[in-house]
Each structure stands twice: as C-alpha cells, then as structure tokens.
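Asker: please find the sequence and the predicted model below.
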Amino acid sequence: MSAPTGVRDERDKDTGVAVVTLDRPQRLNAIDLTAAEQLAHIWRELRFDESVRAVVLAGAGAKAFCTGIDRSTVVPQPPSPYSTDDPLLTVGPKANDLWKPVIAAVRGMACGGAFYLLGEAEFVVAGEHATFFDPHTTYGMVSAYETALLAQRMPYGEVARTALMGTAERMSARRAYEVGLVSEVTPDGDELAAAVRSAEIIARQPTEAVQGTVRAVWATKEAARAQAYALAPHLIALGNLPAARQTELFGGRGKERNDFRIR
C-alpha cells in the first residue's frame with residue numbers, strides 16, 4: 001500500500017519485505033510533522049501485517065537519506081517547563097513497538113535527526129559516497145538523543161567527535177564502516193538493492209525466532225538508552241541557545257557550505 005506524499009510504503013508479499021521510503025527529496029528528506037505522523041502510523045500498522053517479515057528504510061533521491069527535522073516546521077510546545085514535545089522521538093520502529101528487523105539503506109547525507117531512524121535500525125547499508133554528521137552544536141543546540149543512539153553503535157571518541165565537530169566534518173561511509181555505524185558499503189545506487197537482499201534472507205527465517213532475536217539485541221542496550229533519554233530534555237533545556245539565535249546561526253549555513261572535511 002502507499003502512504004500520502006511524504007513517506008512511501010511498498011510491500012512485497014512474495015518476499016515478505018516492505019520498503020519504507022522518506023519521499024521528500026526536495027527537502028532533502030527532512031521530516032515535517034506530517035511525515036513524522038506517517039512514519040509512526042506505518043510502523044504501527046506493520047505490526048499487524050503478517051505478510052511483512054522484514055523492512056528496508058530508505059530516502060528518495062541521491063542527495064540525502066534524511067536531514068532530520070524540517071527547519072521550517074513549527075512544533076507546538078506545552079506551556080509546562082517539565083514537558084517538551086519532540087516529534088522525532090516517535091518516528092522510529094522501536095518507539096512504535098515494531099520488532100520486525102529494519103535495515104537502513106543510506107545514500108547521500110544522513111545527519112542530525114536521521115540518527116533517530118538509524119539508531120533504531122538493526123543495521124545500515126550505505127552507498128560509498130554517503131556521509132554522516134551532526135550539526136547540532138554548530139547551530140547552538142545540544143545533541144542529546146542523537147548521541148545517546150550513536151553511543152550504542154560507535155566508540156565513545158567517535159560519537160564525541162561527530163557531535164562536537166558539528167558541520168565542520170562529515171564521516172565518510174568507509175569511516176562509518178570502520179567504526180561500526182555501517183555494516184556494508186556499496187557503490188552509490190546499489191545500497192537499496194543490497195539492503196533488500198539482506199532483508200529477503202532474513203524474511204525467510206522463522207518469524208518468531210527473528211523477532212525474538214531483534215528484541216534480545218535491543219534489550220542489551222535499552223537500559224542505558226532509557227537513562228540517557230531521561231536526562232536529555234534537561235540538558236537540551238539548559239544548553240540550547242534561544243530559538244531566534246539558532247535561526248540566526250542556521251541562516252548563515254550557506255557561508256560554510258564548503259567549509260567542512262570528509263574523514
């Protein structure tokens with residue numbers, strides 16, 4: 001079936017694989033509130049579809065897998081200082097109680113809020129020119145949820161470097177493979193097919209064993225993630241610059257477009 005424009009959902013009942021695609025290439029697959037709702041809806045719906053036994057998550061176009069929250073999106077916030085709404089907290093499969101394996105296929109940029117999705121995938125396949133970076137500190141924001149997820153896939157020093165360097169440095173697909181964020185690197189354009197091939201193999205395994213294994217692997221890191229998530233809202237509230245200042249810094253991004261290095 002197909003979701004409204006923003007996220008595509010294609011299911012192959014013969015192979016048991018669904019391909020979920022962020023379909024906003026004109027916005028570098030940044031997630032607005034509608035796309036966030038669509039993703040949550042798809043993950044929860046897939047829980048009930050017995051014909052789907054594995055999922056591939058991709059981004060439309062060649063420029064980006066996902067660039068996080070759409071900066072033009074206005075996120076209404078409750079008046080209480082003890083409550084903060086982050087729409088990206090509910091865009092991942094685990095956040096929606098989906099324990100079917102998800103493989104991410106990354107082409108182009110994956111940055112910022114993209115790690116909410118990559119962090120809840122079982123593994124990542126990337127095109128050779130894919131890049132990974134976290135722009136939060138450059139724009140005066142605390143990277144909290146992203147680093148909590150990355151810290152469960154990469155060594156501490158690599159997480160710290162990625163988060164602290166901001167837009168000044170982008171991790172190449174090859175380096176991401178070396179540090180464990182990516183499990184396979186393919187020629188550009190082949191990452192989706194490679195992810196689908198892996199998903200098809202997994203989909204042929206007994207369903208209960210596969211989902212139990214997904215749940216077991218996630219359980220090994222769930223407690224640490226939950227503790228980090230509990231602290232994240234307070235760190236963000238204390239460390240983020242005012243919204244107007246963030247916007248001012250973000251507005252100057254064109255001047256630094258080429259002022260970064262790939263490693």
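Answerer: Okay, I see it.

Asker: residue 133 reaches residue 171, doesn't it?
Answerer: Yes: counting by Cβ atoms under 8 Å, residue 133 sits close enough to residue 171 to count as a contact (6.4 Å). Quick note: C-beta positions are derived from backbone N, CA and C, even for glycine.

Asker: what about the two, which has more around it?
Answerer: residue 171 (26 against 23; other Cβ atoms under 10 Å).

Asker: let me see the contact set for the more buried one.
Answerer: Each residue near residue 171 by Cβ atoms under 8 Å, 6 or more residues apart in numbering is listed here: 131-133, 158, 162, 179, 181, 262-263.

Asker: relative to residue 68, how far out is it?
Answerer: Separation of residue 171 from residue 68 (Cβ to Cβ, to the nearest Å): 16 Å.

Asker: same question for residue 149.
Answerer: Distance from residue 149 to residue 68, by Cβ to Cβ: 13 Å.

Asker: residue 129 too?
Answerer: 20 Å.

Asker: comparing these two, which residue is more hemmed in?
Answerer: Comparing residue 129 with residue 68 by other Cβ under 10 Å, the one with more neighbours is residue 68, at 24 against 17.

Asker: which residue is the nearest non-sequential neighbour of that one?
Answerer: Of all residues not flanking residue 68 in the chain, residue 113 sits nearest, at 2.7 Å (Cβ to Cβ, 6 or more residues apart in numbering).

Asker: next, count neighbours for the one you found.
Answerer: 25.

Asker: can you pull up the bridge partners for residue 12?
Answerer: residue 17 (DSSP bridges).

Asker: before we move on, which element is residue 126 in?
Answerer: strand 123-127 (DSSP states H and E).
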